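Colleague: coordinates for the following, if possible.
(chains A and B)
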Amino acid sequence: MLKTFKYGGVHPAENKLSAGKAIEQLPLPKKAAVLVSQHIGAPSKVVVAKGDTVKVGQVIAQSAGFVSTNIHAPVSGKVLKIDTVTDNSGYKKEAVVINVDGDEWLDEIDRSDTLETSINLDAKEITDKILQSGIVGLGGATFPTHVKLMPPSGMKANILLINGVECEPFLTSDHRLMLEKGEEILMGTQLLMKALKVKKAVIGIERNKPDAIKHLSKLATKHEGISVCPLKVKYPQGGEKQLIKAVTGREVPSGALPISVGAVVNNVGTAFAVYEAVMKNKPLFERIVTVTGKNIEKPSNFRVRIGTPVNELIEAAGGLPEDTARIISGGPMMGKAIPTTDVPVTKGTSGILIISEEAGHRKPVENCIRCGRCVQVCPMGLEPYLLMTLSENKKWGKAETEKVMDCIECGSCSYTCPANRPLLDYIRYGKTSVGQIIRSRK
Amino acid sequence: MNKTLTISPSPHIAQGDSVQKIMYKVIFALSPALIWSFIVFGLPAIFVTATSVLTCLIAEWLIQKFLLRTTPSIKDGSAILTGILLAMNVPGNIPLWIVIIGALVSIGIGKMAFGGLGQNVFNPALTGRVFLLISFPVQMTTWPNVTKTVVDATTEATPLNIIKEGLKNGKPLTELTNQIPDYTDLFFGNLSGSLGEISTILLLLGFGYMLIRKVISWHIPVTVLGTIFVFTGVLWLANPDRFMDPVFHILTGGAMLGAIFMATDMVTSPMTKKGQIIFSIGIGVITVCIRTWGAYPEGISFAILIMNAFTPLINNYIKPKRFGEKQNGKA
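Modeller: Sure, this is the predicted structure:
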């Protein structure tokens, strides 16, 4: 039987419209707005000033703590200003705005396509290189990768999981990357294995991508210790804890990190970025972004420089359809609805999804009929209906004992609710409030 | 770009099911058995059903409009479903004024007094039915005769009644079994009883439909019927002269209707599968106890209502298995 996580899960229509579209390079923007906070953790510290000339790959903001990372110029040109720009959340955030002039890269970056296969660095050097290159989790969570490679003392990884599940409907950026950059992903996996000092790596891929499974399985025979694990198509198969459960059978305890069961998970996009950073000296300043939607003219996969405004991606995919109701950065289950198309692409932008009027609005909320579907689909074994009620009534103590903090915010409960109840909205509110209480105890 | 974009937190897509769709799917699943009862009992059955549904709709609308002062939501189909279920739980020739009282109790006390759809503790249709059974015992247990070609005014006892009364009067079971329809008739619905209790196969058809459309899962109906079967089976094996066999028990009375359509009411049944199984075993055991040792020949309505009262308790103590609960990393 096909491997999968055990309980819960939903199966939304896959809608992988752009699965057959090869990755295209998006033309450079005229202006790039590079946010200084594109990762979980402390925002980076700007090290350039207005009027400076920067080259592609040059550090423009430095890591400001352990959980933080460097940010590099994605374009060459003059720093126009250091100002605030609207990001995904709708808030104004600090950014370095660069006026694009040509495309001049740092000399040390290897721009050739030749595959580099000899690893000459040791674990520490690889991790260092990853930190210097500003690599973060490219699946969407943007957790700085070097932190995952440095387990807390006393804990040791014994398996590396590479997440090629891409369980979000519509998104195809990881799928395309696996097809087009398979060798590089496997090399990146080797580098991560070496950095973690583990002998085994498994690439998890949902069965709806048979071509990727076949391709990587074939390539993996040349790499010792790396194998491919086909997984059942079920959302959220790509959730970190769900993937570990599906592939290894290990269950990450409530409140603990994956390393507590000896596992480290990285996205295929991250593995590719690691390869480029370590073997090609190329820091993370571009990524693959799927631009898709049922009404969009040309659903596509673009290689995009960080800082490119979203509207340029949409234009390249045929322009914004007339009846657009919302635009999502990320997938439809966990992505963020963006307030304007001026927001820049960040390291975490895995896709831009256009949703039409017809499907773009929530339906009126009705009474809970206690059908229990939210309980059945919750992959964490929680009771969303109860957590919503507790959050609504601010019963934080009870919410904590009912494990509100275990919620991974996958959205399966809200997705499945026949009464259109905003379960996850309230659970998030509960998580924020309970989280504050827990922190205040320390 | 001047277009106004909608923003809200994720998820941005929904499965597309609705309360209304669920209710209409259940109604559709009930329709074969309901139509069969119209054929068997004729015009009076249609009047009973129409009266019950209309009263439920009007009562709900009036209460929401003038007492609760909320927007009436009778379009969600839940009042129609309650009306149909109530009608299927009364004899086909019952006076219509009794049906009206039953419908008012179902909606007014069974449902709206708790706050409307989703808030009620007890199954509304059963609340109405039990109210009628206690208030009008004669009319509620007078069944039209269907063994003749034309339905006439004479009445006939249900199989459960025959056995219960017979055993009470000290008749041997072998003599009594000759008086009840054979199991093929029970299965296809050639017997007397409440509107919806008579055709096992058509109720099973509705069950199949609801399973395929994922309205309900198998847990409640199968566990209720399984418990009744096992419990009566043990009694029958212990003393076949005194107890009827298990097949008889699951084919007669409201066992099928109750297990498939009443116990599975989402509002009044537990949230988790484990809880649903406990709930269903309770229903099965109580049903058999009432049928075997209680005052009434049939007990599934009481059994369901009693277990409804335990549902909040079950929800409170029976939790789903939390992810990562065990610390040893094994599932």
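
Colleague: buried ones in stretch A:345-357?
Modeller: Buried residues in stretch A:345-357, counting neighbours by 16 or more other C-beta atoms under 10 Å in any protein chain shown, are found at A:345-356. Yep, even glycine has a C-beta here, placed from its N, CA and C like the rest.

Colleague: give the contact list for the residue of chain A found nearest chain B.
Modeller: Residue of chain A nearest chain B, by C-beta to the nearest C-beta: A:Gly411 (3.3 Å). A:Gly411 makes contact with A:333-334, A:424, B:10-11 under the criterion C-beta atoms under 8 Å, 6 or more residues apart in numbering or on different chains.

Colleague: around chain B, which positions in the stretch 1-150 of chain A sit nearby?
Modeller: Within the stretch 1-150 of chain A, the positions near chain B by C-beta under 8 Å from any C-beta of the partner chain are A:6-7, A:10, A:12, A:90.

Colleague: remind me which residues of the stretch 51-200 of chain B are low pLDDT?
Modeller: For the stretch 51-200 of chain B, the stretches flagged by pLDDT under 70 are B:145-157, B:188-192.

Colleague: which of the helices or strands spans the closest residue to chain A within it?
Modeller: Residue nearest to chain A within the stretch 51-200 of chain B (C-beta to the nearest C-beta): B:Gly118, separated by 3.9 Å. Under DSSP states H and E, no helix or strand contains B:Gly118.

Colleague: look up phi and psi at it.
Modeller: Here is the backbone geometry of B:Gly118 (degrees, to the nearest 10): phi 90, psi -10.

Colleague: was I right about it contacting B:Val267?
Modeller: Yes: applying C-beta atoms under 8 Å as the test, B:Gly118 and B:Val267 come out as touching, 5.5 Å apart.

Colleague: which one's more surrounded, these two?
Modeller: Neighbours per residue, other C-beta atoms under 10 Å in any protein chain shown: of B:Gly118 and B:Val267, the larger number sits with B:Val267, 22 against 19.

Colleague: SS state for the closest residue to that one other than its chain neighbours?
Modeller: Spatial nearest neighbour of B:Val267, excluding adjacent residues (C-beta to C-beta, 6 or more residues apart in numbering or on different chains): A:Arg370 at 5.1 Å. At A:Arg370 the chain is in coil, as set by DSSP: H, G, I helix; E, B strand; the rest coil.

Colleague: tell me who's in contact with A:Arg370.
Modeller: Contacts of A:Arg370 by C-beta under 8 Å, 6+ apart are A:385, B:118, B:266-269, B:271.

Colleague: ok, so of these, who is nearest A:Thr84?
Modeller: A:Tyr385 (39.7 Å; C-beta to C-beta).

Colleague: and the helix or strand containing the closest one, how far from the chain's centre?
Modeller: Using DSSP H and E, A:Tyr385 sits within helix A:384-392. Taking C-alpha atoms, centre = their mean, to the nearest Å, one finds the center of helix A:384-392 at 28 Å from the center of the full chain.

Colleague: burial count for A:Lys227?
Modeller: Not Lys; residue A:227 is Ser. Using other C-beta under 10 Å, A:Ser227 has 14 other residues around it.

Colleague: wasn't it part of a strand?
Modeller: Yes: membership of A:Ser227 in a strand is supported by three-state DSSP.
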